[in-house]
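> give the three-dimensional model of this entry:
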Amino acid sequence: MFRSRSVVEIMVLLFTGTVSFALLAAGAMIAVVEIRDPTVDTDQAVDALFGAITIILGALLGLLVGRVEGPASLSQRPDRDRDRK
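Down below sits the predicted model:
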């Protein structure tokens with residue numbers, strides 16, 4: 001599974017797994033608190049959890065978009081001499 005991946009990809013996967021586990025644990029903790037005592041205000045914790053999820057998803061989507069290769073014409077600057085003619 002990891003043999004064909006670069007070191008950067010492995011590090012990103014490990015970091016993502018660690019953060020995902022922490023987010024799942026935080027969500028489970030919020031759920032347990034809500035079940036045990038429904039009067040506890042967990043709005044700030046839920047907002048922080050969803051904020052972290054949004055940031056992580058944005059970073060992963062940015063990584064994915066950065067790895068996509070576009071057409072060769074998009075990766076090169078236009079030739080100025082060609083445009084003047």
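> what stretches of the protein score poorly on pLDDT?
1-2, 67-85 (pLDDT under 70).
> which residues touch Glu34?
40, 42 (C-beta atoms under 8 Å, 6 or more residues apart in numbering). Every residue, glycine included, has its C-beta placed from N, CA and C.
> quick one: it from Phe50, how far?
15 Å (C-beta to C-beta, to the nearest Å).
> count the neighbours of Leu23 for me.
By other C-beta atoms under 10 Å, 15 other residues sit near Leu23.
> please, which helix or strand holds it?
Per DSSP states H and E, Leu23 falls inside helix 7-36.
> now Arg5
Assigned by DSSP H and E, Arg5 belongs to no helix or strand.
> give the contact list for it.
Counting by C-beta under 8 Å, 6+ apart, Arg5 has contacts Leu13.
> distance of it from Leu14?
For Arg5, the distance to Leu14 - C-beta to C-beta - is 11 Å.
> swap in Val33?
Taking C-beta to C-beta as the measure, Val33 falls 29 Å from Leu14.
> next: Glu34.
Where Leu14 is concerned, Glu34 sits at a distance of 31 Å (C-beta to C-beta).
> just Ser20 next, same as before
From Ser20 to Leu14 the distance is 11 Å (C-beta to C-beta).
> please apply the same query to Ile56.
14 Å.
> next: Asp47.
Taken as C-beta to C-beta, the span from Asp47 to Leu14 is 27 Å.
> please apply the same query to Leu23.
Distance from Leu23 to Leu14, counting by C-beta to C-beta: 15 Å.
> tell me the span between the first and last residue of stretch 27-43.
12 Å (C-alpha to C-alpha, to the nearest Å).
> give the buried residues for it.
Ile30 (16 or more other C-beta atoms under 10 Å).
> which residues sit against the one helix or strand Ala45 maps to?
Assigned by DSSP H and E, Ala45 belongs to helix 43-67. Helix 43-67 is contacted from outside by 12, 16, 19-20, 23, 26-27, 30, using C-beta under 8 Å, 6+ apart.
> with distance to Leu61 as new columns, can the residues you listed be given to me in JSON lines?
Formatted as JSON lines, these follow (distance: C-beta to C-beta, whole Å):
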{"residue": "Val12", "distance to Leu61": "13"}
{"residue": "Thr16", "distance to Leu61": "12"}
{"residue": "Val19", "distance to Leu61": "15"}
{"residue": "Ser20", "distance to Leu61": "15"}
{"residue": "Leu23", "distance to Leu61": "16"}
{"residue": "Ala26", "distance to Leu61": "21"}
{"residue": "Gly27", "distance to Leu61": "21"}
{"residue": "Ile30", "distance to Leu61": "25"}
